[in-house]
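Visitor: take this sequence and fold it.
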Amino acid sequence: MPAVRKRQGAALEANRRAALLSAAARLFVEKGFAATTTRDIAEAVGMRSGSPFYHFRSKQELLKAAMIEGLETGYRRLQAASAGLVDPEQRLRVMIRTHLGNLLEGDCQVPMLLYESRSLDATAKAEITAVSDRYQLPWQATLDELAASGRLRSSSRPLRLFLFGMLNWTSQWYRPGGELSLDEIAEAAADLLLG
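Guide: Predicted coordinates:
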């Protein structure tokens, strides 16, 4: 019986940690990192004000963990959506749509949280950069394939960065149920890139 209780306790702690990450990310986006207190985060998940420190040493560590969790979730979704797609154009279209879905359909707060990375120390920023770079590797590989086959003029790093800038900015103007669907936006972005 003690082993069962231990597993249940571990599962409960994992759920509490996930709830803290989700609430913190939402509050950091809504209020800003500096204006959000650990008390705000604790109240959002029904904890006492000091309880988040059981899971995270500091508010900065909570911000870093929320950013990494969001990037890793997006990476897993991207990998699952594009797995087995051999044609790089089809893969790019799926990746664009998946990225937009990560940004705008779920509870992913990472694009907005990236602006808060200025609140992190250099070590934490390096960790975020490493996870972000891993997310961008399949994008660069796909762009390189398209350029090698002549379907794209260039696959230079600035092109990839412009692409992410364009896609991430949709979070500023897209409205669910509005004039454009995410499928239409994804197609327009791919068509703009591929000509």
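Visitor: hmm, L21 is touching M67, no?
Guide: No - between L21 and M67 there is no contact under Cβ atoms under 8 Å: 9.6 Å. C-beta here means a position set from N, CA and C on the backbone, and glycine is covered the same way.
Visitor: please say which of these two ends up with more neighbours.
Guide: The residue with more neighbours, out of L21 and M67, is M67; 26 against 23, by other Cβ atoms under 10 Å.
Visitor: can you list the buried residues in the host helix or strand of that one?
Guide: Following DSSP states H and E, the helix or strand that holds M67 is helix 59-82. By 16 or more other Cβ atoms under 10 Å, the buried positions in helix 59-82 come out as 59, 62-71, 74-75, 77-78, 81-82.
Visitor: quick one: average pLDDT of it?
Guide: Summarised as a single mean, pLDDT over helix 59-82 is 92.
Visitor: after the helix or strand bottoming out on mean pLDDT in the chain, heading C-terminal, what element do we hit next?
Guide: Scoring the helices and strands of the chain by mean pLDDT, DSSP states H and E places helix 110-113 at the bottom, with a mean of 65. Beyond helix 110-113 on the C-terminal side, the first helix or strand identified by DSSP H and E is helix 122-148.
Visitor: re earlier: name the helices or strands packed onto whichever helix or strand comes after the helix holding M67?
Guide: Sequence-wise, the next helix or strand downstream of helix 59-82 (DSSP H and E) is helix 88-104. Contacts defined by 3 or more Cβ pairs under 8 Å, 6 or more residues apart in numbering; DSSP states H and E place helix 88-104 against helix 59-82, helix 122-148, helix 157-173, helix 182-194.
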